[in-house]
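Engineer: requesting a structural model of the entry that follows:
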Amino acid sequence: MKPRFLYFQQTITITTLSGILWGLIETDHETRQGQVLVPDAEYDEKTLSLVKSEIDNGGKDEIVITQDFCAVVAEACHEKGHIYISWVYDSPQRALYMREAQYDTNIIFVFDKTQYNRLKNEGLKNLFYEPLAGNITKADMFDPAQNELAEYRSDISFVGNLYSDSIREKLFTEFGGAMKEEADALMDSVVGRWDKGSGVYDKVSDAFINAIYTGMSHKGEDKYSISPRFLVETLILAYEKSSRDRITVLRRLSETKQVALYTSKAVPEVLRERLIRKDFVTYDEGMPKVFLASKINLNITMAGIETGVPQRVFDIMSYGGFCLTNWQEEMEELFEPGKELITANSTDEMNEKADFYLRHDKERAAIAYAGYKRVKEQYSYPMAVSRIIAKTKEVFDI
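Structural biologist: Sure thing, here's the model as predicted:
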C-alpha cells in the first residue's frame with residue numbers, strides 16, 4: 001500500500017518551487033496540500049496549532065513533507081507521532097541547527113555532501129544525501145511563442161541576487177590594520193576562484209571571527225546551536241565572497257559581451273556602464289523564458305554551498321538551456337562537464353569559455369541537449385521523490 005502525504009508550502013520557498021508536490025503526483029501518491037504557509041524557523045503557538053489541526057484532518061499513517069526544513073512542522077509531527085520528510089535546497093539552512101531538527105520522527109535529505117558531514121557530526125538523526133532535481137514535466141509543458149521570447153534574448157544572462165548588503169559591508173570594511181589585512185588577504189585568495197582551496201571556511205583567525213561576531217545582531221540566535229565561527233563564515237564571509245564573485249564575473253564578461261542581469265535589487269555602480277539590467281522574473285514564467293532565450297545561462301554558486309550543485313543548475317538544464325557555471329566538486333559526480341554543462345575554475349576561464357561557446361552554436365546546442373537529457377533521465381522529481389520515499393520506508397520500516 002502506497003503511503004499518503006500531506007505537503008506544506010513554505011513562506012520562504014522560491015515563488016512556487018514545489019517540485020516535491022509534482023513528484024508525488026507523478027508517482028501516483030495520494031497527496032493533499034496543507035492550507036497553512038509554514039515558516040522555516042520562527043513560529044508561535046498559533047502557527048503550531050494550525051499545523052497540528054491540518055495533520056489531524058488526515059489519517060494517522062499520513063506522512064508530512066516539505067521542501068526545506070520547517071521547525072514548526074517538525075514540532076507538530078513529533079507531538080502527533082507522524083513521520084516528517086524534508087528535502088533541503090538551502091545550504092547551509094540554519095533551521096537544521098534548531099532543537100526540532102533532532103527529533104527522531106524527522107527524516108532529512110540534503111544536497112551538499114560537505115554540509116551532510118557537518119550535520120552528521122552535529123548528531124542529526126535520519127540524515128541522508130539526495131541531490132536536487134529539475135521539474136522536467138513542467139518544463140516540457142512550457143511552450144512560449146517566439147514573440148514571447150524576444151524581450152529575453154541575450155548572449156549571456158544571469159538570474160539572481162548580487163547580495164549587496166550595507167550591514168555586511170560595514171562589518172567587513174570598518175577594520176583597520178592587521179584585521180583589514182586579514183580581510184583583504186582572504187578575499188584576494190578566494191574571489192573569482194572555484195576550486196578545492198577557494199572556500200571561506202576555516203580560513204581566518206579567531207580574533208577576526210570574534211571581531212565580526214561582536215558587531216553582528218544576535219536577535220533570535222538562541223534558537224540555533226551554531227558556533228560563532230560557523231555563523232560568521234556562513235552569514236558574512238560566504239555572502240561577501242558570493243557578492244564579489246558575481247560582481248567580478250559580470251563585470252569581466254560585460255566588458256566585451258552582451259550580458260543581462262535579472263534582479264529585483266539595485267546594481268552596483270561598477271556594473272552600470274555595460275551590463276544590461278533587467279527586472280526580476282518569476283520562477284514559473286519569466287525565468288524559463290530567460291533560460292530558453294539566452295545563448296549562455298550563468299550559474300555563480302552562493303559560497304555557502306560548499307560542494308553541492310545548486311537548484312539554478314537543474315532549472316537551467318531542465319528547460320534545455322546552456323549552462324556555464326563555476327566549478328563545484330559534486331558537478332563531476334552528477335554530470336559530465338564539457339558534455340552536459342561547462343564549468344570554470346576562475347573568472348578568466350569563464351570569460352574564455354563564454355567567448356568560445358558564443359562562437360560555436362552547434363557545440364553549444366549539443367551540450368544543452370545532453371544536459372537536459374541527463375536531468376530527465378536521472379534527476380527528475382519523480383525519480384528523486386521515489387528515492388526519498390524508498391529511504392523513508394527503509395528507515396521507519398513501513
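
Engineer: C-alpha from now on. contacts and neighbour counts both.
Structural biologist: Will do.

Engineer: show me the shaky parts of the stretch 151-300 of the chain.
Structural biologist: Scanning the stretch 151-300 of the chain for pLDDT under 70 picks out 166-167.

Engineer: for it, what spans make up the helices?
Structural biologist: Assigned by DSSP state H, counting those that start in this stretch, the helices in the stretch 151-300 of the chain fall at 166-173, 177-190, 206-215, 228-232, 238-254, 269-272, 286-293.

Engineer: next SSE downstream of the helix or strand residue 342 falls within?
Structural biologist: Assigned by DSSP states H and E, residue 342 belongs to strand 342-344. As assigned by DSSP H and E, the chain's next helix or strand after strand 342-344 is helix 347-359.

Engineer: in a markdown table: the helices of the stretch 151-300 of the chain, plus mean neighbour count.
Structural biologist: Converted to a markdown table, those look like this (neighbours: other CA atoms under 10 Å):
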| stretch | mean neighbour count |
| --- | --- |
| helix 166-173 | 14 |
| helix 177-190 | 14 |
| helix 206-215 | 15 |
| helix 228-232 | 17 |
| helix 238-254 | 21 |
| helix 269-272 | 12 |
| helix 286-293 | 23 |
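
Engineer: the ones you listed: which one's closest to residue 279?
Structural biologist: helix 286-293 (9.9 Å; CA to CA).

Engineer: what lines up beside the strand holding residue 342 in the sheet?
Structural biologist: Here strand 342-344 is paired, per DSSP bridges, with strand 323-326 (parallel).

Engineer: residue 87 looks like it's in a strand, true?
Structural biologist: Yes - the assignment for residue 87 by DSSP: H, G, I helix; E, B strand; the rest coil puts it in a strand.

Engineer: any idea of the pLDDT on residue 13?
Structural biologist: For residue 13, the pLDDT comes out at 54.

Engineer: again with residue 361
Structural biologist: We have a pLDDT of 98 for residue 361.

Engineer: for residue 66, same thing?
Structural biologist: Model confidence at residue 66 (pLDDT) stands at 96.

Engineer: and for the one 3 residues further on?
Structural biologist: The per-residue pLDDT reported for residue 69 equals 96.

Engineer: quick one: residue 120 and residue 127 touch, right?
Structural biologist: Yes - between residue 120 and residue 127 there is a contact at 7.2 Å, judged by CA atoms under 8 Å.

Engineer: got the contact list for residue 5?
Structural biologist: Contact analysis of residue 5 by CA atoms under 8 Å, 6 or more residues apart in numbering lists 29-32, 62-65.

Engineer: list the beta-bridge partners for it.
Structural biologist: residue 31, residue 63.

Engineer: measure it to residue 19 for me?
Structural biologist: In this view, residue 5 and residue 19 are 14 Å apart by CA to CA, to the nearest Å.

Engineer: what about residue 305, how many residues nearby?
Structural biologist: Residue 305 has 22 neighbours, counted by other CA atoms under 10 Å.

Engineer: equivalent analysis for the one 10 residues further on, please.
Structural biologist: If you count neighbours by other CA under 10 Å, residue 315 ends up with 24.

Engineer: which non-adjacent residue is nearest it?
Structural biologist: Closest residue to residue 315 apart from its sequence neighbours, by CA to CA, 6 or more residues apart in numbering: residue 134 at 5.5 Å.

Engineer: the one you found: how many residues sit nearby?
Structural biologist: By other CA under 10 Å, the residues close to residue 134 number 26.

Engineer: pretty sure it is in contact with residue 314, am I right?
Structural biologist: Yes - assessed by CA under 8 Å, residue 134 is found in contact with residue 314 at 5.0 Å.

Engineer: any common contacting residues for these two?
Structural biologist: With CA under 8 Å, 6+ apart, residue 134 and residue 314 have common neighbours residue 375.

Engineer: follow-up on the earlier one: rebuild the helices of the stretch 151-300 of the chain as JSON lines, extending it with distance to residue 324.
Structural biologist: Converted to JSON lines, the helices of the stretch 151-300 of the chain look like this (distance: least, CA to CA, whole Å):
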{"stretch": "helix 166-173", "distance to residue 324": "28"}
{"stretch": "helix 177-190", "distance to residue 324": "19"}
{"stretch": "helix 206-215", "distance to residue 324": "34"}
{"stretch": "helix 228-232", "distance to residue 324": "29"}
{"stretch": "helix 238-254", "distance to residue 324": "12"}
{"stretch": "helix 269-272", "distance to residue 324": "20"}
{"stretch": "helix 286-293", "distance to residue 324": "12"}
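
Engineer: which one of those lies nearest to residue 44?
Structural biologist: helix 228-232 (24.1 Å).

Engineer: that closest one: how far from the chain's middle?
Structural biologist: 20 Å (CA atoms, centre = their mean, to the nearest Å).

Engineer: what's in contact with that helix?
Structural biologist: Helix 228-232 is contacted by residues 201, 206, 209-210, 212-213 when judged by CA under 8 Å, 6+ apart.

Engineer: distance to residue 329 for these - can I get that in JSON lines?
Structural biologist: Converted to JSON lines, the contacts of helix 228-232 look like this (distance: CA to CA, whole Å):
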{"residue": "201", "distance to residue 329": "15"}
{"residue": "206", "distance to residue 329": "27"}
{"residue": "209", "distance to residue 329": "26"}
{"residue": "210", "distance to residue 329": "30"}
{"residue": "212", "distance to residue 329": "29"}
{"residue": "213", "distance to residue 329": "29"}
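
Engineer: nearest to residue 270, of those?
Structural biologist: Minimum distance to residue 270 across the contacts of helix 228-232 is 26.2 Å, recorded for residue 212 (CA to CA).

Engineer: who touches the strand holding residue 342?
Structural biologist: For strand 342-344, contacts defined as CA under 8 Å, 6+ apart pick out 194, 323-327, 337, 350, 353.

Engineer: may I ask which two of the residues you listed are separated the most?
Structural biologist: 194 and 323 (16.0 Å).

Engineer: who has more neighbours out of those two?
Structural biologist: Legend: neighbour count by other CA under 10 Å for residue 194 and residue 323, higher for residue 323 (27 against 23).

Engineer: got the contact list for the more buried one?
Structural biologist: Residue 323 touches 296-299, 313, 316-317, 341-342, 368, counting by CA under 8 Å, 6+ apart.

Engineer: of all pairs in those residues, which one spans the longest distance?
Structural biologist: 299 and 368 (14.0 Å).
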